[in-house]
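Visitor: Starting from these lines, generate the structure:
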Amino acid sequence: MSDPAPNVDAAEIGKFDALAGRWWDPNGEFAPLHRLNPLRLAYLKSRVALAGKAVLDVGCGGGILTESLLQEGARATGIDLAPAALTVAELHALEAGLTADYRLVSAEALADSCPGAFDVITCMELLEHVPDPTSTLAALGKLVRPGGDVFVSTINRNVKSFLVAIVGAEYLTRTVPKGTHEYARFIRPQELGRAARRVGLTVADIAGVEIDPFTRAFSLGSDVSVNYLLHLRRPGPQGS
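Guide: Next comes the predicted model:
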């Protein structure tokens with residue numbers, strides 16, 4: 001599919017492609033994603049029904065969340081611009097006996113060809129890695145059907161998030177590789193909410209993702225000062 005001006009940072013793609021072979025190692029560089037995945041899935045299930053729904057996982061990487069969506073009975077499509085990560089996703093799904101639809105395409109390009117094609121869209125930990133988050137949000141708003149749901153997770157921008165997500169996670173505990181995040185690309189919830197409304201999405205809910213510094217276990221809560229989940233909706237008839 002043609003995507004002449006993708007909203008992508010080649011250096012970011014390179015970082016994740018270089019680690020592609022370790023996506024499914026629960027003790028490797030992507031261990032935080034493995035620990036986060038059940039929490040994110042539980043949040044999705046508490047907000048929407050997934051079985052039988054057309055669900056798009058934007059920035060799917062190696063397919064950790066996409067496979068969980070398939071296991072919940074969703075008709076899941078995963079898209080990413082990291083070729084090696086997609087190859088890993090395809091192979092892992094095949095080994096797991098799952099029928100997955102993985103595509104090397106940007107959200108913007110897919111939105112041009114498949115507007116309103118999805119009931120539910122997930123976009124987890126992607127917006128802080130793209131040059132133009134609003135462009136991605138606009139594409140999500142175009143891809144979801146009227147009355148459909150969009151779920152986004154990202155990182156707040158403040159002193160605490162800098163200390164936790166960069167100093168702590170990348171340099172002290174080394175739970176993620178150094179250079180994974182850039183502080184300037186973090187997004188405050190109010191900024192994300194305003195951007196979502198500008199592209200025709202409404203804010204339905206927000207939840208904080210909290211981490212126990214001793215056990216490194218994640219939980220949902222009201223503290224959105226570091227990681228947070230935002231549930232957005234495209235106005236329209238529910239259940240259409």
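Visitor: okay, CA-based contacts and neighbour counts for the rest of this
Guide: Will do.
Visitor: list the buried ones in the helix or strand containing Ser46?
Guide: Ser46 belongs to helix 31-47 when assigned by DSSP states H and E. Residues Ala31, Pro32, Leu33, His34, Arg35, Leu36, Asn37, Leu39, Arg40, Tyr43, Leu44 are the ones in helix 31-47 that count as buried (16 or more other CA atoms under 10 Å).
Visitor: now those as JSON lines including distance to Lys178?
Guide: What follows is the buried residues of helix 31-47, written out as JSON lines (distance: CA to CA, whole Å):
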{"residue": "Ala31", "distance to Lys178": "14"}
{"residue": "Pro32", "distance to Lys178": "14"}
{"residue": "Leu33", "distance to Lys178": "16"}
{"residue": "His34", "distance to Lys178": "18"}
{"residue": "Arg35", "distance to Lys178": "19"}
{"residue": "Leu36", "distance to Lys178": "19"}
{"residue": "Asn37", "distance to Lys178": "21"}
{"residue": "Leu39", "distance to Lys178": "24"}
{"residue": "Arg40", "distance to Lys178": "24"}
{"residue": "Tyr43", "distance to Lys178": "28"}
{"residue": "Leu44", "distance to Lys178": "30"}
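Visitor: re the thing from before, for the helix holding Ser46, name the packing helices and strands.
Guide: helix 64-71, strand 218-221 (3 or more CA pairs under 8 Å, 6 or more residues apart in numbering; DSSP states H and E).
Visitor: can you tell me which of those the model trusts least?
Guide: Lowest mean pLDDT of the helices and strands packed on helix 31-47: strand 218-221, a mean of 92.
Visitor: List of residues touching that one?
Guide: Here strand 218-221 makes contact (CA atoms under 8 Å, 6 or more residues apart in numbering) with Arg35, Leu36, Leu39, Ala207, Gly208, Val209, Glu210, Ile211, Asp212.
Visitor: now whatever helix or strand comes next after it, how far from the chain's geometric center?
Guide: In the C-terminal direction, the helix or strand that comes right after strand 218-221 (DSSP H and E) is strand 227-233. Its chain's C-alpha centre and that of strand 227-233 lie 10 Å apart, by CA atoms, centre = their mean, to the nearest Å.
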